[in-house]
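[1] sequence first, predicted coordinates after that:
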Amino acid sequence: MRRDSEKIWGIGAVLILPALPCLPRKRKPCDKHRMAVVAHLATLFRPVIDLVYPPRCPGCGAAVASQEGLCLECWSTLEMPDDERAEGHAVPVYAATYYNATSRKLVLAFKHGGRIALSRLLARLIATRLPEPPSDHLPPLLIPVPLHRWRLWQRGFNQAALLVQELARMGKGEAQIAALVRHRRTPNLGGLGREERERALAGAIRLDPVFAERLAGRDVVLVDDVLTSGATSRACLAALAAAGPASVAIACFARVEEDHHLAPSRKT
């Protein structure tokens, strides 16, 4: 019952965004205004939610201080990378953790368990890995890995977009939620080999032409929850390259090592 209530609350908060009052239309969407309203409402209702559904650690179920919290024991089991490169990538990869038993539970609770309040915790961990942009540079553009519209409808939210919104609120860049479009539905990538993933994603992700001029000459950070074989991120990077960004990096919560014994969930 608690999980269902969290999912209803979380999905509802995401789905009401387009319906929130908006400032007079300009060229730039009023995402900041909408997100500020949602954040204010979440703050108002948090004590009620915590009273009815006491916060629990998503890793082990122990009592914690907040809905997006993690107990000390689970926190100590997270493995933090000490480099900025992932196998098979020519661009920097800023990963908050390696994909292990604890980070897997967090990802599953966040993405498939409807606990979207975890987006703040996951984004906070990602933020600690991202370098500060030079003071004389524009902030980087934060772009989420896109979901196909049917997957978005089924899940109710794009987990990568939630991470982007949180990172933007933390001052890590400017959110560009709709820059990439997954215009063709692809099969679940879990269980597929590297070459099969590449074939499944070939031509499936494109850059929305509206954003091409905005990305030209800017630093770009592609954001996702988990980096596995890298097939999805490479498809996104290929689409972004057409706009001529100054630089591109990848940021994610968990990074799978090639020799790691855990496999990502087959759900994507």
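    Yes, it's here. This one's a predicted model, so the numbers in the text were calculated from it and none came from an experiment. Numbering: from 1, shown residues only.
[2] need the helix or strand of the chain with the lowest average pLDDT.
    For the chain, using mean pLDDT, DSSP states H and E, the weakest element among its helices and strands is helix 2-15, scoring a mean of 45.
[3] so who does the closest residue in space to A62 that isn't next to it in sequence touch?
    In this structure, A62 finds its nearest non-sequential neighbour in C71, 4.4 Å apart by Cβ to Cβ, 6 or more residues apart in numbering. Where you see a C-beta, it was placed from the backbone N, CA and C, and this is true even at glycine. Contact analysis of C71 by Cβ atoms under 8 Å, 6 or more residues apart in numbering lists C57, G59, C60, A62, V64.
[4] so which of those sit within helices?
    With helices defined by DSSP state H, no entry of the contacts of C71 lies inside them.
[5] just the buried ones from the residues you listed, in ChimeraX syntax?
    Filtering these down to the buried ones (16 or more other Cβ atoms under 10 Å) takes a single ChimeraX command:
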select :57,59,64
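[6] could you dump the contacts of C71 to a markdown table with distance to P146?
    Formatted as a markdown table, the contacts of C71 follow (distance: Cβ to Cβ, whole Å):
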| residue | distance to P146 |
| --- | --- |
| C57 | 31 |
| G59 | 28 |
| C60 | 33 |
| A62 | 35 |
| V64 | 32 |
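[7] could you dump the contacts of C71 to JSON lines with distance to Q159 and pLDDT?
    Below are the contacts of C71 laid out as JSON lines (distance: Cβ to Cβ, whole Å; pLDDT from 0 to 100):
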{"residue": "C57", "distance to Q159": "19", "pLDDT": "85"}
{"residue": "G59", "distance to Q159": "17", "pLDDT": "82"}
{"residue": "C60", "distance to Q159": "22", "pLDDT": "84"}
{"residue": "A62", "distance to Q159": "24", "pLDDT": "84"}
{"residue": "V64", "distance to Q159": "21", "pLDDT": "73"}
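[8] which residue ranges of this protein form strands?
    Here the chain has its strands, by DSSP state E, at 93-98, 141-144, 174-175, 180-182, 205-207, 219-227, 247-255.
[9] pLDDT on the fourth one, on average?
    The average pLDDT for strand 180-182 rounds to 93.
[10] please name every helix or strand in contact with it.
    Counting contacts by 3 or more Cβ pairs under 8 Å, 6 or more residues apart in numbering; DSSP states H and E, strand 180-182 packs against strand 205-207, helix 231-241.
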